[in-house]
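Novice: This is the structure alone, sequence omitted:
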């Protein structure tokens, strides 16, 4: 491949201006250089289509955000097709392999030598089957499977006679769904399924006897589908959220009411309504989980792994939808939302891998004469039903760290998502509902009030409670949890010690500090809040840090350039404002920030903050960073320990002895050397000490918390006198 092909592609995209789309014939055709090619294409917000689901996955792994899949890209001037698929696009640029050039020329395309970039005309899907009229069997059917290769012209011909039918179809996110809507099919008459086999399974389940399949040759690849969400558009540039959402009770979608309103955290507008579970529903969910313990425990490891792998595949194909929902409901900038989706996927990948690594142990018990001939084996077995409560700040990833390990070990569960951010968990529920291998009742995902959800804490049918949230709520839950095990991942006011400027330089240092303090608007239990800087470099670091913080872009989280979006609510922003005012009143210096507009709070850097103030001692859970000087290293370790919290501490040092001293003496769950404390890898043991929690998350470690050791002692076997 021409080493300049990537630059050639970018030049062509920039020259095309607005209204251009990109079509990648094969994942390997997209150049590997320059290194930021994928990020640049993403930032240009260009619709990207690929030929096939395999290419989709491979490009997704490279970070490219694709709109859809199709293996038909032609030159038809059919206006209906143009308007049904991408009415805003004027032209397409195609990336292909050089060896395919002759074939493409035969189709009328021009290939630039070696650069493998082609500019095409309009985009179409070529129909493979066009009967003259609506077949009689369709007119008498109550349900129809509309194949993914069906064209808009067919829809216009048939559908006026079929508008009263429910059309179940499998397709890419910009073609059949949009075709049916454009042809006049009401949204409430469209139900989406993954493929024809799933359609048949649903027909059998619902005991519907009359249906007519319409299958096509050379169908468009199946991507980014959703069961049961009627009429939702998945095109990345349409960004539509369904108006009504169910909860999942014993694996079934339930639209019982529209009691919970989900808002756009930036605009304040209501974007959708979610069904909330009643106390009776909570009881049904608990009973279903409890009754499915045996079925889940006996589910073979390969089947549990298959469920997790299915989730991985579906999350990848629905990545942009997940990211957009997260961006809206949590106010998380879209770039960060996409990163959280990748972490969701990573967590399920890790869980799938760990499913078949639940190792036991053998050991001899012959520790004395009386134990002669005795040996021991043990294995890990699932504890049983698990109750889970997830927070608002990382609603996808932190729910994943509970759900994926439970499936991996065979524990049924009931999850209560945060009322402010339920959509991500409900999409996980939708994907799990597609898995026929899961026993009935294996999972429930139920938004509900705190009072109605109290049995998730107190009911003894649960064997484990896994809670992520505030310390006051978490420790109260532990006190009322009874005999069940409890894992708490709570709050913090993380310290970061700057002992020296790292080899990467001052700019790297301040970039990382700004990230650690202000990523997610500081709404993280490991957000950097207390910054200790060695006195001989204090002025240099603070001066550069102030400039960095002032440059951070605030605004609408849906804007690709936004770094800081809103806090979760104006109430939370007002709380933080009061903490800053209290620190100022106690004599601190405001180096930058401190302003509030609604739920938007400026990234704020304070200096000389008294230790007794809330800004220093309590969890800020917002975009606030407090800087202080230190001289002696042993002293600053003790100062960092002077907190009721302890999840992570960050340490920038070029002295390995100081790193080990800190590791040995800091009262914390983890030490991050040469980076900020705001780092979590999804495979690591993660959790805190003191008021920050009890137990550890991280897939393998959560799996241990969800299992018991079962021992078997064997005496006098394998000896020669037994043969």
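Specialist: That came through fine. Treat the numbers as computed from the prediction; the structure is a model and nothing was measured.
Novice: could you list every residue that touches residue 357?
Specialist: When contacts are counted by CB atoms under 8 Å, 6 or more residues apart in numbering, residue 357 touches residue 700. C-beta: built from backbone N, CA, C; applies to glycine.
Novice: now residue 387
Specialist: Counting by CB under 8 Å, 6+ apart, residue 387 has contacts 286, 413-414, 416, 456-457, 459, 462, 464-466, 484.
Novice: For residue 437, give me phi and psi.
Specialist: When quoted as degrees, to the nearest 10, the phi and psi of residue 437 stand at phi -70, psi -20.
Novice: please begin residue numbering at 254 from this point
Specialist: Got it, first residue is 254 now, which makes that one residue 690.
Novice: how many neighbours does the closest residue to it other than its chain neighbours have?
Specialist: For residue 690, the nearest residue in space outside its immediate sequence neighbours is residue 556; the separation is 4.9 Å by CB to CB, 6 or more residues apart in numbering. Here the count is done by other CB atoms under 10 Å, and residue 556 has 14 residues near it.
Novice: pretty sure residue 556 is touching residue 688, no?
Specialist: No. Between residue 556 and residue 688 there is no contact under CB atoms under 8 Å: 9.4 Å.
Novice: re the thing from before, I'd like to know how far the residue nearest to residue 690 sits from residue 694.
Specialist: Residue 556 sits at a distance of 16 Å from residue 694 (criterion: CB to CB, to the nearest Å).
Novice: do residue 884 as well
Specialist: Note on residue 884: its distance to residue 694, by CB to CB, is 61 Å.
Novice: Pick out whichever of those two has more residues nearby.
Specialist: Here residue 884 and residue 694 are set side by side on neighbour count (other CB under 10 Å), and the busier one is residue 694, at 24 against 9.
Novice: residue contacts, the more buried one?
Specialist: With contacts defined as CB under 8 Å, 6+ apart, residue 694 is in contact with 503-504, 541-542, 544-545, 665.
Novice: Also residue 920?
Specialist: With contacts taken as CB under 8 Å, 6+ apart, residue 920 has the following neighbours: 894, 899, 942-943.
Novice: Of those residues - the most surrounded one?
Specialist: Neighbour count (other CB under 10 Å) singles out residue 899 as the most crowded of those, with 24 neighbours.
Novice: That one touches residue 744, doesn't it?
Specialist: No. In this structure, residue 899 sits apart from residue 744 without contact. The criterion is CB under 8 Å, and the distance is 10.5 Å.
Novice: residues shared between the contacts of the two?
Specialist: Among the neighbours of residue 899, those also in contact with residue 744 (CB under 8 Å, 6+ apart) are residue 945.
Novice: Just to be sure, residue 506 is in a strand?
Specialist: Yes. Residue 506: assigned to a strand according to DSSP: H, G, I helix; E, B strand; the rest coil.
Novice: For it, grab the count of nearby residues.
Specialist: Other residues lying near residue 506 total 17 when counted by other CB under 10 Å.
Novice: likewise the one 4 residues further on?
Specialist: By the measure other CB under 10 Å, the count of residues near residue 510 is 14.
Novice: go on, the one 4 residues further on?
Specialist: By the criterion of other CB under 10 Å, residue 514 has 11 neighbours.
Novice: In space, what's closest to it - neighbours in sequence excluded?
Specialist: Of all residues beyond its chain neighbours, the one nearest residue 514 is residue 523 (4.8 Å), with distances taken as CB to CB, 6+ apart.
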